[in-house]
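Visitor: sequence first, predicted coordinates after that:
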Amino acid sequence: MKCLVVVSHPVKESLCQYLSAQTVEHLVSKGYDVEVIDLYERGFEPALTAAERNSYYAEQYDKSGVEDDISLLLEAECLVLIFPTWWFGLPAMLKGWIDRVWAPGYAYDHDKDLGALKPRLHNLKEVKVVTTLGSPWWVDTFVMWKPVKRVLKIGLLGACAPKCKLKFLSLYESEKVTKSQVETFVEKIKANF
């Protein structure tokens, strides 16, 4: 299975980067054909360009700045997103990647009457998420109602790949986890992925 892993953390020695390395190693051992995009390492520019935005409703989206990433997304049967949840949202770098790469004519089509979007990512069978949060689980769950999971599941996958399965793993209170807790979480990734 073709698997695209997208990593979004600016610090090479971060917990997210460690979890990324462990996740990729596990996926390769399970036989996945893995391609990794480290957004910070590549110096990805997250801001949607004027040309891209102006082409949203044109006959053809201007993919000139993200053509390779769009191709990788279209080929992927499995997508793995690894990132920190900051302020109960996606990091700007990852949000920008979605804004620019999950584009009309590729991830979805506009309805001619501007109604519901029409999904195009039929090749995408599963999305796996590994995220870290500084907050405790109960704040994310009961106070904030899991905003990142809802945006990805309902907003993004619901519009572009509604038959896709989502696995969402969150490491809470990540700023004070022990090495043992991290390794337990890695085992959880292996068990679920």
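Guide: Arrived safely, thanks for sending. Residues are numbered from 1 along each chain as shown.
Visitor: ok, and the closest non-adjacent residue to residue 175?
Guide: Excluding the flanking residues, the one nearest residue 175 by CB to CB, 6 or more residues apart in numbering is residue 134, at 5.0 Å. To be clear about C-beta, it is placed using only N, CA and C from the backbone, and glycine gets the same treatment.
Visitor: what's around the one you found, how many residues?
Guide: 14 (other CB atoms under 10 Å).
Visitor: low-scoring stretches of the chain, by residue?
Guide: The chain contains no residues with pLDDT under 70.
Visitor: all strands of it, in order?
Guide: Applying DSSP state E to the chain gives strands spanning 2-7, 33-38, 78-84, 108-109, 118-119, 126-132, 165-171.
Visitor: distance of the residue nearest the centre of the chain from residue 179?
Guide: Nearest to the mean C-alpha position of the chain, counting by CA atoms, centre = their mean, stands residue 81 at 3.5 Å. The gap separating residue 81 from residue 179 is 24 Å, by CB to CB, to the nearest Å.
Visitor: that older thread, can you redo the strands of the chain as TSV with distance to residue 47?
Guide: Shown next, in TSV, are these (distance: least, CB to CB, whole Å):
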stretch	distance to residue 47
strand 2-7	17
strand 33-38	17
strand 78-84	18
strand 108-109	21
strand 118-119	26
strand 126-132	23
strand 165-171	27
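Visitor: how close does residue 140 sit to residue 166?
Guide: From residue 140 across to residue 166, the span is 16 Å (CB to CB).
Visitor: settle it for me: which of these two has more neighbours?
Guide: Remark: of residue 140 and residue 166, residue 140 carries more neighbours, 20 against 15, as counted by other CB under 10 Å.
Visitor: just checking, that one touches residue 132?
Guide: No - Residue 140 is beyond contact range of residue 132, at 11.4 Å (criterion: CB atoms under 8 Å).
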